[in-house]
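Student: My questions are about this predicted structure, shown below with the sequence.
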Amino acid sequence: MGLKMIKTDEDYQKALKRLEEIFEAPNETPEGDEAEVLSILIEKYEDEHFPIDPPDPIEAIKFRMEQLDMTNRDLAKIIGYKSRVSEIFNRKRKLTLPMIRKLHDELKIPYEALLSDY
């Protein structure tokens, strides 16, 4: 198991190729251990070089509504009036802290997604 830190794109590509080769290795075997460590190193490299910004709060709400097959009327029952939903979706009104709490509690949208700037 000749593992080392992934510092370059070439290292990254080699690590991905090796992980693909040993991905289904059984746990608690040398190759299984190598796959586990390699996946951690790859994740660290990806986090540093390919960061994913949190979603826009409005897009996060719309995405969750789509997953739950909700309408704007359904959302209005959670955060207030139907006109308020329209104002928020048209970015004329910001989410308030009570709205964010309700969206998190009712729709299970992470706070991080709801608190980012938009």
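Tutor: Received the coordinates, thanks.

Student: Now do the same contact list for E34.
Tutor: Each residue near E34 by CB atoms under 8 Å, 6 or more residues apart in numbering is listed here: 1, 3, 18, 22, 25. The C-beta positions use only the backbone N, C-alpha and C, and glycine is treated the same way.

Student: Quick one, grab the pLDDT at it.
Tutor: In this model, E34 is scored at 95, pLDDT.

Student: Surely K82 touches R73?
Tutor: Yes. If you go by CB atoms under 8 Å, K82 and R73 touch, sitting 6.2 Å apart.

Student: So if I had to pick from the two, which one is more boxed in?
Tutor: Each of K82 and R73 has its neighbours counted (other CB atoms under 10 Å); K82 has more, 13 against 9.

Student: show me the contacts for that one.
Tutor: 72-73, 76.

Student: Just the pLDDT for I52.
Tutor: As predicted, I52 sits at a pLDDT of 84.
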